[in-house]
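In: Dropping a prediction and its sequence here:
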There are 4 protein chains.
Amino acid sequence: MANFASDNTAPVHPKVMQALIDANSGNVPAYGHDPITEKLQETVRMTFGAPQARAFPVFNGSACNGLALARMIRPYESILAHRQSHINNDECGLPEFFTGGKIIGLEGDHAKLTIASIGDLIETTLGHAPHTSRPKVISLTQSTELGTVYALDELNALTAFAKAHGLYVHMDGARLANAVASLGCAPADVVAGVDILSFGGTKNGAMLAEAAIILNPDLIEDFAYIHKRAGQLPSKARYVSAQLQALLDNDLWLDLGRHANAMASALREGLIDRAGVGLLHPVEANELFLTLPKATADRLFARGHRFYNWPAEGPDAYRLVTSFATSEDDVKIFLDDC
Amino acid sequence: MANFASDNTAPVHPKVMQALIDANSGNVPAYGHDPITEKLQETVRMTFGAPQARAFPVFNGSACNGLALARMIRPYESILAHRQSHINNDECGLPEFFTGGKIIGLEGDHAKLTIASIGDLIETTLGHAPHTSRPKVISLTQSTELGTVYALDELNALTAFAKAHGLYVHMDGARLANAVASLGCAPADVVAGVDILSFGGTKNGAMLAEAAIILNPDLIEDFAYIHKRAGQLPSKARYVSAQLQALLDNDLWLDLGRHANAMASALREGLIDRAGVGLLHPVEANELFLTLPKATADRLFARGHRFYNWPAEGPDAYRLVTSFATSEDDVKIFLDDC
Amino acid sequence: MANFASDNTAPVHPKVMQALIDANSGNVPAYGHDPITEKLQETVRMTFGAPQARAFPVFNGSACNGLALARMIRPYESILAHRQSHINNDECGLPEFFTGGKIIGLEGDHAKLTIASIGDLIETTLGHAPHTSRPKVISLTQSTELGTVYALDELNALTAFAKAHGLYVHMDGARLANAVASLGCAPADVVAGVDILSFGGTKNGAMLAEAAIILNPDLIEDFAYIHKRAGQLPSKARYVSAQLQALLDNDLWLDLGRHANAMASALREGLIDRAGVGLLHPVEANELFLTLPKATADRLFARGHRFYNWPAEGPDAYRLVTSFATSEDDVKIFLDDC
Amino acid sequence: MANFASDNTAPVHPKVMQALIDANSGNVPAYGHDPITEKLQETVRMTFGAPQARAFPVFNGSACNGLALARMIRPYESILAHRQSHINNDECGLPEFFTGGKIIGLEGDHAKLTIASIGDLIETTLGHAPHTSRPKVISLTQSTELGTVYALDELNALTAFAKAHGLYVHMDGARLANAVASLGCAPADVVAGVDILSFGGTKNGAMLAEAAIILNPDLIEDFAYIHKRAGQLPSKARYVSAQLQALLDNDLWLDLGRHANAMASALREGLIDRAGVGLLHPVEANELFLTLPKATADRLFARGHRFYNWPAEGPDAYRLVTSFATSEDDVKIFLDDC
């Protein structure tokens, strides 16, 4: 039976587990002053072509986004994000808690922000100071909450617009590997113009490891305080850093992202022409949003396949998520049962 | 060279690492709905003789305290804690952040709260409502920040006082194993009258694993929201729970605490009669606070031993912390170099 | 030249000023323990037919809403309000600051919430706990941000729905007088089913005086702490209470609301049939939202009339607000210049 | 019967009331864009010899302190204040709420901070980053919470120390008039080196009026947002500004402060030599803290005099506060009844 419920139902990739075992010897300084966390800095800088970047390992993606945003705004400022973004809907108010500020949920097809919607918002807001929270950061999710991927030219246009308007750019990269694999570009290309990247590991083979990667060196100052005060500074940081290092070594993270994407494409291929199946969004990463005939969905659930009904996309909508651990057999079994 | 800098410079205990390896197979539901987290509930209930308790796995001790306190107070209420407690001094304001409330730092010998100091505070506060934050919870650290341990009768008196005054009791058990091992009592005895326990794993052989153990069942409601909103709900929760389960299995946690305590006692024995050495607090758990002749300290540092100067206890004060991983050799080598 | 910029550009009504003068003698206890604030309690209870109600005088309408909402939700809960409501757009994040929670902005014609939009939101939210802030209160603005008024049957349906779903009801009554005057009902009718009312004085002839009127007696407990902690407990409370008392005496507040409404109607009558004028929303209280030919608007501004362009309603949209101080001459002069 | 309970039990000074009456005509722009608030800027700059200062009128002294501090610190920073200061004890956690930061309560005779206590704190804190909130501002209360006054050389030493250590200086001037009157200096002298002054009006003859006076022009930026978001931006700001203007005109505020001080001195003179009376702190402004024989206190209460028992200063301690409205008769009557 196949599990397409989420990419965080998957186990830990063997190379990540091996890295944890390898890290487990002797005393090292706590709180990130260990050799593994030091080495991670170099790896991150190389990976993203950002010689002044600094990575802060954290436990959790929700928190990673919150920390990044807390560094970028003051409580009277706002975050411009897609209405359907994870930070707006799925973190129980964590970004508002960590920042004190407000998320403005904007519209846009396939969960992508557009310059038009941002521009309108800024227009109506700025004349209204100080009665309206001041826009300060654009938060982009790459790949998006609906399994689509911003093209590089879309990203470049958005980051250029942000710079022109004095806005920071945050990228929620919980599924960045899937986006980079999908685009076939260099990691540096996808973060050009981004000030802080939430780099996701947990959904892509790690046990529990994310990193706030500060690409804009002006934002490194004081981040350590924000990190600590929110309970996201690991005392035994080596064990978080080791997971991230294992993913970045030899581009394992991209191999895993590519595999997950391929499994999503295979599902798409197998489903697209069936009666009653409708694709709700392009499948550009590792997620499918589609309508299924109720009888089909019921049969799949009854046979033990796991995935979610997705009412936010309509009563007959469902979501399937693949991961590094999805096998061709999983896909085949599922399609056979459809 | 010995490392007495802190118990979180130590590696992960082999049994904890093995538990992680064992947990690493197949897809399981995320966010704590997995079999390992389910089983942990039973183990915790048995360990603490609390059939209605519920354990919420979290990443980090600072956060664990913050979550517990956030469940117990409203933002206009206060937390009564020792002036030298970790929550008051060493968490960069996290407890205030998570709760919105205020910590009132009280005095007391050897970092222990007394009924007298709490009573005085309540007396002067209550007539002054609503101008003063209302006291709502007593937070006890067991073992304390200065390596001492509350005796059971001290605990019973404090929890009885709390109940009589409508106050909750929180126990910061980052080093609970050391306290229980020191007292030689049942775990249930040490948490009698406690409403929420911050159960520490990371300082006692885990990789990164703590649990907010809700002993007062009235406080379980809504805790899941607090847990999530603060970025402490692990998506792959099985890997946090497995660490805690490994520690609780066959009382491994107490064995490790007992060992660390024994190493601290051995250090104390070897140091106590030396010229210029003065013990600042009774050594009842795994920490020593003492004065050393500057020449001795300098020599030890020069030879590569690691421990901290501790200016809060005076200019010549030092702290030594032992852990499960401290060996008799570590102690011997250190004493030889003294 | 007429000033239709806002009802808070107006001065203080003479009877309110006289009440302040009358209140100004002798020492009285501070912080609301004075005879004027005591008497206000009785007046509020009579006015709203709520024998257990309690009124807390505050300085400011934004704060009044924030305090009310802070009493009703915990930080992991949400407030359901119209997307165009004042609390969502015009308070620089104050409600989120005071509550820690999240505002969910819902759609609805003419700035009115509907059961349908609320029901949809609850549906998609509840299955997603604890990842989504839990809906806990419906906040209604009466009269609305766009100058419309909820009919009593609309209110009754919404409050019944709220009770059925365990939600509190907050009413932002910054312009309640206009709504009650418009409906021609008893004040008690308009707050039936409301848990806390933000009662507005400042926009209706007061100097600076609002009151959080707790109609649901369960919510009185601890409100004093919220009141104090937010800097909204007046030390010389008599001077805030005296303003509110003056408004409530002999229904002055309703007379003033009626007058402002009549002036808005007169503007509407004088404008409705002109070429290029389009009414954007029904004029049911003291605000008009309309499109004007640019030449007309420019001429009016050039002649010194004051009112706002209102881009949120479109590029040619304008807002006119009348108040107790608007005279028939103001209307005539303005219409003559159109 | 005399009322020495507090200076906020007093009424409004006639000149302040007259200013409100004078302000009450016509429409003016809201939110501080009115001529009275404009004029106040000039008056404040002249009064304090600060040509770049800007005054933000607010409703309430607790909030004024909170706003000032919120402008100066980030949530991971701390405020160094006297343990017995108003911001630490009497605002139900408002400063922590508004700032997100932590107050560190320091010791010092007669409620005055000393360089020694601040220096010690900084010493032990700085090496401990990011585990301890970073000290960022010294908050001085002038006159102090115990009726004493910092001499100019004490102030100069503290502000110089602050500058040398990169700390801002906040002055809680709820009773600044009493301090300036006591020192007989120019207002500019007492705020030399201060970054933001909380200027108090309410305790000194106003109805409800304080101002956050930003003396350091770097801190003006963004203050408007903090002001608004906390519910302290008066929509009809002219009525707050008019009160402050009335106090500053012809140094009325200093006359009132001088009078209150004189009444406190007269009380001191009349009490000092009586049996059983002990002065707890020097009487340098308008407050006396003293011990009284219980029989005397009981007799005074029985005869209707109002003042507070002050348990924080000991079981037999009492506080007497004089104000602009205290008459020589009040003093005489009280002393006669002693």
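Out: Cool, the structure landed.
In: For stretch A:299-309, buried residues please.
Out: By 16 or more other CB atoms under 10 Å in any protein chain shown, the buried positions in stretch A:299-309 come out as A:300, A:305-307, A:309. In this view, the C-beta of every residue, glycine as well, is placed from N, C-alpha and C.
In: Hmm, I typed the wrong one, I wanted stretch A:66-82.
Out: Residues of stretch A:66-82 classed as buried under the neighbour-count rule (16+ other CB under 10 Å) are A:66-82.
In: out of those residues, which are inside helices?
Out: Within the buried residues of stretch A:66-82, residues falling in helices by DSSP state H are A:66-72.
In: Of the residues you listed, which is the nearest to chain D?
Out: Of all those, chain D sits closest to A:A70, with 8.4 Å by CB to the nearest CB.
In: Contact partners for the closest one?
Out: A:A70 makes contacts with A:98-99, A:226, A:230, as judged by CB atoms under 8 Å, 6 or more residues apart in numbering or on different chains.
In: from the stretch 201-338 of chain A, which residue is nearest to chain D?
Out: Counting by CB to the nearest CB, the stretch 201-338 of chain A gets nearest to chain D through A:Y225 (3.6 Å).
In: actually the stretch 51-200 of chain A, sorry about that
Out: Using CB to the nearest CB, the closest approach of the stretch 51-200 of chain A to chain D is made by A:Y76 at 3.6 Å.
In: Surely that residue touches D:H227?
Out: No. The criterion here is CB atoms under 8 Å, and A:Y76 misses it with D:H227 at 9.5 Å.
In: Now do the shared contacts for these two.
Out: By CB under 8 Å, 6+ apart, A:Y76 and D:H227 have these common neighbours: A:P130.
In: and the residue of the stretch 151-300 of chain A found nearest chain B, how many residues sit next to it?
Out: Ranked by CB to the nearest CB, the top residue of the stretch 151-300 of chain A for proximity to chain B is A:G231, at 2.8 Å. Neighbourhood size, A:G231 [other CB atoms under 10 Å in any protein chain shown]: 30.
In: Which parts of chain A are strands?
Out: A:54-58, A:77-82, A:102-106, A:134-141, A:168-173, A:196-200, A:210-214, A:278-279, A:287-291, A:308-309, A:317-321 (DSSP state E).
In: how about these in TSV, adding mean pLDDT and distance to B:V277?
Out: Formatted as TSV, the strands of chain A follow (pLDDT from 0 to 100; distance: least, CB to CB, whole Å):
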stretch	mean pLDDT	distance to B:V277
strand A:54-58	98	39
strand A:77-82	98	54
strand A:102-106	97	57
strand A:134-141	98	55
strand A:168-173	98	53
strand A:196-200	98	48
strand A:210-214	98	44
strand A:278-279	96	75
strand A:287-291	98	63
strand A:308-309	96	63
strand A:317-321	98	61
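In: Dump those strands to a markdown table, plus distance to D:H165.
Out: Shown next, in a markdown table, are these (distance: least, CB to CB, whole Å):
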| stretch | distance to D:H165 |
| --- | --- |
| strand A:54-58 | 27 |
| strand A:77-82 | 29 |
| strand A:102-106 | 35 |
| strand A:134-141 | 30 |
| strand A:168-173 | 30 |
| strand A:196-200 | 30 |
| strand A:210-214 | 27 |
| strand A:278-279 | 62 |
| strand A:287-291 | 52 |
| strand A:308-309 | 55 |
| strand A:317-321 | 53 |
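In: okay if I get those strands as a markdown table plus distance to chain C?
Out: A markdown table is the format used below for those (distance: least, CB to the nearest CB, whole Å):
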| stretch | distance to chain C |
| --- | --- |
| strand A:54-58 | 18 |
| strand A:77-82 | 8 |
| strand A:102-106 | 5 |
| strand A:134-141 | 8 |
| strand A:168-173 | 15 |
| strand A:196-200 | 17 |
| strand A:210-214 | 17 |
| strand A:278-279 | 20 |
| strand A:287-291 | 15 |
| strand A:308-309 | 9 |
| strand A:317-321 | 11 |
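In: To A:Q18, which of these lies closest?
Out: Among the strands of chain A, the nearest to A:Q18 by CB to CB is strand A:54-58 (18.2 Å).
In: tally of neighbours for the residue in the stretch 151-300 of chain A that chain C sits nearest to?
Out: Taking CB to the nearest CB, chain C has its nearest neighbour within the stretch 151-300 of chain A at A:A174, 13.6 Å off. Counted with other CB under 10 Å, the neighbours of A:A174 add up to 27.
In: what bridges to the nearest residue to it once chain neighbours are set aside?
Out: Once flanking residues are discounted, A:A174 sits nearest to A:G200: 3.8 Å by CB to CB, 6 or more residues apart in numbering or on different chains. As for beta bridges, A:G200 partners with A:E210 under DSSP bridges.
In: what's the answer for A:V58, then?
Out: For A:V58, the beta-bridge partners are A:E210 (DSSP bridges).
In: Nothing else from me, thank you.
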